[in-house]
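**Student:** Predicted model, plus sequence, below.
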Amino acid sequence: MNVADSSAWIEYFGAGSLVSIFRPVLRDLTTLIIPSIVIYEVHKWVLLKLGEEAALTARTMMLRGNVIQLDPSIALDASRLSIKHKLAMADAIIYATTLANNAEVWTTDGHFKGLPNVRFFEKN
């Protein structure tokens with residue numbers, strides 16, 4: 001199972017230099033897990049940078065994956081992970097969702113670098 005961090009989606013929708021790495025992960029709906037907070041972060045970014053029509057496309061694509069809502073168990077785990085790894089709230093929720101689903105998070109976000117279950121890619 002795979003979790004695409006917001007940075008992976010932004011690379012994809014923004015046609016970043018790593019789009020070829022993230023495209024197969026984002027299009028494999030059988031293994032794609034999407035924490036609900038990622039929908040917020042990506043939708044906001046796409047609205048601001050690319051406009052309403054692109055945001056509709058992004059929203060439609062993200063909702064095709066297995067969306068995982070923030071529940072009390074993930075929230076509690078996220079708070080512990082936030083303290084342990086010095087992660088911001090959204091990153092901790094994404095990471096807790098990843099671990100709860102025995103998945104790997106795909107990201108360019110340096111806050112995840114070196115953590116277990118993380119596929120980190122440095123931006124050029």
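**Tutor:** Arrived safely, thanks for sending. Numbering: from 1, shown residues only.
**Student:** Which of the three states applies to the residue lying farthest from the centre of the chain?
**Tutor:** Note on the chain: the largest C-alpha distance from the chain mean falls to Glu53, namely 21.1 Å (CA atoms, centre = their mean). Following DSSP: H, G, I helix; E, B strand; the rest coil, Glu53 is assigned to helix.
**Student:** and if you look at Ala75?
**Tutor:** Assignment for Ala75 (three-state DSSP): helix.
**Student:** quick one, phi psi at Val105?
**Tutor:** phi -90, psi 130 (degrees, to the nearest 10).
**Student:** So it sits against Asn117, correct?
**Tutor:** Yes - in this structure, Val105 is within contact of Asn117 by CB atoms under 8 Å, at 6.4 Å. In this view, the C-beta of every residue, glycine as well, is placed from N, C-alpha and C.
**Student:** Mutual contacts of the two, please.
**Tutor:** When contacts are counted by CB atoms under 8 Å, 6 or more residues apart in numbering, Val105 and Asn117 have Tyr95, Thr98 as shared neighbours.
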